[in-house]
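Visitor: Below are the sequence and a predicted model for it; my questions follow.
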Amino acid sequence: MYKMMTPGPTMVADSVMQARSRIFGNPDVDKDFCEEYHTLCRELGELLHTENEVYILGGEGILALEAACASLTEPGDRVLVIDNGIFGRGFADFVRIYGGDPVLYTVDYHRPVDVMELSRYLEKDHDFAYATLVHCDTPSGVLNDMKEICPLLKKYGILTVVDSVSAMFGEELCVDDWQIDIVCGGSQKALSAPPGLAFVSVSKEAFRVMKGRKTPIASFYCNILMFENYYRDKWFPYTMPISDIYGMAEAVRIVREDSGRLERHQRIARAVRFAVQEGGLSLYLDYGDAATVTVVRVPEGLTDTAIIETMKENYGILISGCFDVLAGKVFRLGHMGQSANIDDVRQMLAALTDTLNSLGFTCRCRMDEVFMRNLQ
């Protein structure tokens, strides 16, 4: 088996796996499970700094994104899709599927959204039902400033849908203070539970819009309103993946007790980026990197496949490449959740140094040693 140092899924604590092995009952009729689910949703809300309702959905993190778009989009709605990354652009597909008209605000993929430029754009055009944006766009690792962007959108009465799947729990996220109507998360990133669960927090205004639709929501599985009265009625719209939820509950407990997690993510991320540049590699982004992933340009003469396969086969460490417009151009080093620890990151950088040297790229230093010297 290999150590996963990818930007999700991440390594999972043994206690999370043990929690998933609990004997379970029937989640459709077991009121005790409904109480456990409800408690877990409230704990997630506390971590997200929101009083809004939180719902856990049975599906990978992308389900949360589609459910938000399915539940809000009516035919003909103009939706602002803030696009400075592959996942940012991808929201447009969900908007189209449900009959909306995605209007892409496309800017440079090498840097975060410029809030002043967005403000000037909105002065001229702000007739949108809602806007979609990505907190950390994982393919490039860019971190967008939700604290500034979401209040700007709300100034014009635009609902906000935020994909924070790859940022939350590794980056600060204050849903209520930042005026986020729907925030989307997943189990397999910095939360460090296995893939298979998504979750959303939903504001009262977003509920009002969903309930006031002129047309029915064109989905059952992606209909957030189906969960609205689950606790009152002690009823779920489909059979919940109870073992996955037991595992998530343990992962949430670990995060709640880890008071230094945000600072540790920042410290490790800074040291990783310094080390790879000292080693002679180039970062993909100009600036604005998230603390959960570092994206590195593939050195000339090498391939991402050769780097990834050599690290996995020779050193038992898995990193990842990319896809879409970044396919073959970059490789990605994950340092999120359980993987954001000094020893695992040191091993990853040691393996990367040896791998690159063996493939013909001579590193200017031992990146693992530089990493250790620059942890601050």
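Guide: Thanks, I have the structure now. Residues are numbered from 1 along each chain as shown.

Visitor: what residue ranges in the stretch 101-250 of the chain score low on pLDDT?
Guide: For the stretch 101-250 of the chain, no stretch has pLDDT under 70.

Visitor: Please identify which helix or strand holds His49.
Guide: Using DSSP states H and E, His49 falls within no helix or strand.

Visitor: same question, Ser119
Guide: Using DSSP H and E, Ser119 falls within helix 115-124.

Visitor: How is Val295 assigned, secondary-structure-wise?
Guide: When classified by DSSP: H, G, I helix; E, B strand; the rest coil, Val295 comes out as strand.

Visitor: pLDDT value on it, please?
Guide: At Val295, the model reports a pLDDT of 98.

Visitor: Looking at strand pairing, list the partners for it.
Guide: Arg332 (DSSP bridges).

Visitor: rewinding a little: distance between the helix holding Ser119 and the chain's centre?
Guide: Computed by CA atoms, centre = their mean, to the nearest Å, the chain-centroid distance of helix 115-124 equals 25 Å.

Visitor: elements contacting it?
Guide: helix 146-155 (3 or more CB pairs under 8 Å, 6 or more residues apart in numbering; DSSP states H and E). Heads up, the C-betas are built off the backbone N, CA and C, glycines and all.

Visitor: and the helix it packs on, which residues are buried?
Guide: By neighbour count on 16 or more other CB atoms under 10 Å, the buried set for helix 146-155 is 146, 149-150, 152-154.

Visitor: chain center to stretch 193-209, what's the gap?
Guide: Here stretch 193-209 is found 13 Å from its chain centre; the criterion is CA atoms, centre = their mean.

Visitor: typo on my end, stretch 115-133
Guide: Centroid separation for stretch 115-133 versus its chain: 23 Å, with CA atoms, centre = their mean.

Visitor: May I have it exported as CSV, CA atoms only?
Guide: The C-alpha trace of stretch 115-133 is given here as CSV (Å, rounded to 0.1, in the frame of the first residue of the first chain):
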residue,chain,number,x,y,z
VAL,A,115,-11.9,41.9,-5.9
MET,A,116,-11.6,45.5,-7.3
GLU,A,117,-11.9,44.2,-10.9
LEU,A,118,-14.9,42.1,-10.0
SER,A,119,-16.5,45.2,-8.3
ARG,A,120,-16.1,47.2,-11.5
TYR,A,121,-17.7,44.4,-13.5
LEU,A,122,-20.6,44.2,-11.1
GLU,A,123,-21.2,47.9,-11.4
LYS,A,124,-22.1,47.4,-15.0
ASP,A,125,-23.9,44.0,-14.8
HIS,A,126,-25.3,42.5,-11.6
ASP,A,127,-28.6,41.0,-12.8
PHE,A,128,-27.9,37.5,-11.6
ALA,A,129,-30.0,35.0,-9.7
TYR,A,130,-27.0,33.7,-7.9
ALA,A,131,-23.2,33.4,-8.3
THR,A,132,-20.9,30.4,-8.1
LEU,A,133,-17.3,30.6,-6.9
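
Visitor: Give me the contact list for that stretch.
Guide: Residues outside stretch 115-133 that contact it (CB atoms under 8 Å, 6 or more residues apart in numbering) are 65, 68-69, 72-74, 77-82, 88, 91, 95, 100, 103, 105, 107, 113, 144-146, 148-150, 152-153, 156-163, 181, 209.

Visitor: 7 Å - rerun?
Guide: With contacts defined as CB atoms under 7 Å, 6 or more residues apart in numbering, stretch 115-133 is touched by 72, 77-82, 88, 91, 103, 105, 144-145, 148-149, 152-153, 156, 158-162.

Visitor: mind putting the buried residues of helix 146-155 in CSV, distance to Val54 included?
Guide: Output for the buried residues of helix 146-155, formatted as CSV (distance: CB to CB, whole Å):
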residue, distance to Val54
Met146, 17
Ile149, 22
Cys150, 18
Leu152, 25
Leu153, 21
Lys154, 20
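
Visitor: for the stretch 151-300 of the chain, what spans make up the strands?
Guide: Assigned by DSSP state E, counting those that start in this stretch, the stretch 151-300 of the chain shows strands spanning 159-163, 182-186, 197-202, 293-297.

Visitor: got these as TSV, with distance to Trp235 and mean neighbour count columns?
Guide: TSV is the format used below for the strands of the stretch 151-300 of the chain (distance: least, CB to CB, whole Å; neighbours: other CB atoms under 10 Å):
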stretch	distance to Trp235	mean neighbour count
strand 159-163	26	28
strand 182-186	23	29
strand 197-202	18	25
strand 293-297	39	24
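
Visitor: Columns distance to Arg332 on top of those, output as JSON lines?
Guide: Shown next, in JSON lines, are the strands of the stretch 151-300 of the chain (distance: least, CB to CB, whole Å):
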{"stretch": "strand 159-163", "distance to Arg332": "17"}
{"stretch": "strand 182-186", "distance to Arg332": "17"}
{"stretch": "strand 197-202", "distance to Arg332": "21"}
{"stretch": "strand 293-297", "distance to Arg332": "5"}
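
Visitor: Ser320: which of those is closest?
Guide: Minimum separation from Ser320 across the strands of the stretch 151-300 of the chain (CB to CB) falls at strand 293-297, 9.2 Å.

Visitor: And for the closest one, what's in contact with it?
Guide: Residues from elsewhere that reach strand 293-297, judged by CB under 7 Å, 6+ apart: 7, 138, 140-141, 166, 269, 272-273, 276, 281-285, 329-336.

Visitor: The following helix or strand past that strand to strand 293-297, inter-axis angle?
Guide: Next helix or strand after strand 293-297 toward the C-terminus (DSSP H and E): helix 304-315. Here helix 304-315 runs at an angle of 120 degrees relative to strand 293-297 (axes from the mean of the first three to the mean of the last three CA atoms, to 10 degrees).
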